[in-house]
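[1] what would the 3D arrangement of this be:
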Amino acid sequence: MVFMTRFQRSWTLAKASWAVLKSERKLAWLPVFSFIASLLVAGIFAVLVWATLGKETGLDGQETTTANVATYLLAACAYLGTACVQTSFLAALCIGANERLRGVDTTLGRSFAVANTRLHRILSWALVSATVSVVIRAIEERFGIVGRLIGGLLGAGWNVLTFLTVPIIVFEDAGPITALKRSGTLLKETWGENVIAQLGFGLISLVAMLPGIAVAVACIATGISAIIGLGIVLGVAWVLVVATVMAALGGIYRTALYRYAADGQVPAAFAGLDLENAFGQRKGGSSGSSGLGGFGGGFVR
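    Reported below is the predicted structural model:
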């Protein structure tokens, strides 16, 4: 019963986030741009990686590709570059969401401009995050089923622990280690709804994607090439739209949770939704709120 109640709260939070997104629709473009930019970066590095591959001919006359130091360095740069892009766009999304939560109209240009003032912090955090991801992936690949289980648990724990790091970096001008520690501190005050909300948003996303998947499956079942192609296109398009919207809602929720955990006040856009209970009872006053004036009196309160 408690579990279902918290999922109902997650749905309430998703609807509140949706209301914020409707009032500032341009925020939905940030996940789209992030996806496109990530593909571009990955594509460029993929070409460079391919160019460094060598070829060897075995005794059986078959050619095999071989990697060298440059290949591995470029692959690492690709991973880091993609992480930097995604973190930068998430930072811009949090900034835009924060403005909207304050009732201020925002622009994508302003969001990126403010994010650029934290670029050195963002790059440092992207390096930490990418390194942890590589370590987790290595565990999953080297230890079979046990490795995948351990890696999955580590990945889930890392996502929960770092849920508020980007807002902290942006709004408190904190370095990656400080932001990680601060996120852990705030997690102690909001961990229950942090975990349940992430699971809830994931479930909502899955349910929302089902119609697109169902259309694609139904079209494939006809066995007619033209209909199959159309169904796949429509299904993929629907899934991408849902993923974009949910990414935007997640950024808004992340920002709202940070504002509540750091300031102890429910954002005005969420007023009347009993968020004191939805976010969980805080264990005391927040430390570190004094650092929230980093953008001056106009941006963060």
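
[2] what helices and strands are in contact with the strand or helix carrying Gly212?
    For Gly212, the enclosing helix or strand under DSSP states H and E is helix 176-222. Secondary-structure packing of helix 176-222 (3 or more CB pairs under 8 Å, 6 or more residues apart in numbering; DSSP states H and E): helix 2-23, helix 119-142, helix 144-161, helix 165-172, helix 225-263. Placement of C-beta: from N, CA and C, glycine included.

[3] let's test this: mean pLDDT of it, rounded?
    Across helix 176-222, the average pLDDT comes to 83.

[4] now do it and helix 165-172, the angle between them.
    If you take axes from the mean of the first three to the mean of the last three CA atoms, to 10 degrees, helix 176-222 sits at 130 degrees to helix 165-172.

[5] any idea which of the helices and strands packed on helix 176-222 is most buried?
    Compared across those, helix 165-172 shows the largest average neighbour count, a mean of 27 (mean count of other CB atoms under 10 Å).

[6] what's next to that helix, contact-wise?
    Helix 165-172 is contacted from outside by 87, 90-91, 94-95, 98, 114-115, 118, 121-122, 125, 174-176, 178-180, 182-183, 186, 254-255, 258, 262, 288, 291-292, 294-295, 300, using CB atoms under 8 Å, 6 or more residues apart in numbering.

[7] now stretch 233-242
    Residues contacting stretch 233-242 (CB under 8 Å, 6+ apart): Phe35, Ser205, Ala208, Met209, Pro211, Gly212, Ile213, Val215, Ala216, Val217, Cys219.

[8] can you tell me which of those residues is closest to Thr244?
    Phe35 (7.6 Å; CB to CB).

[9] pLDDT of the helix or strand containing that closest one, averaged?
    Using DSSP H and E, the element containing Phe35 is helix 29-52. Averaged across helix 29-52, pLDDT comes to 91.

[10] picking up where we left off before, just the buried members of the contacts of helix 165-172?
    87, 90-91, 94-95, 98, 114-115, 118, 121-122, 125, 174-176, 178-180, 182-183, 186, 254-255, 258, 262, 291-292, 295, 300 (16 or more other CB atoms under 10 Å).

[11] where's Glu56 relative to Ala46, distance?
    Separation of Glu56 from Ala46 (CB to CB, to the nearest Å) stands at 21 Å.

[12] of the two, which one has the most company?
    Ala46 (14 against 9; other CB atoms under 10 Å).
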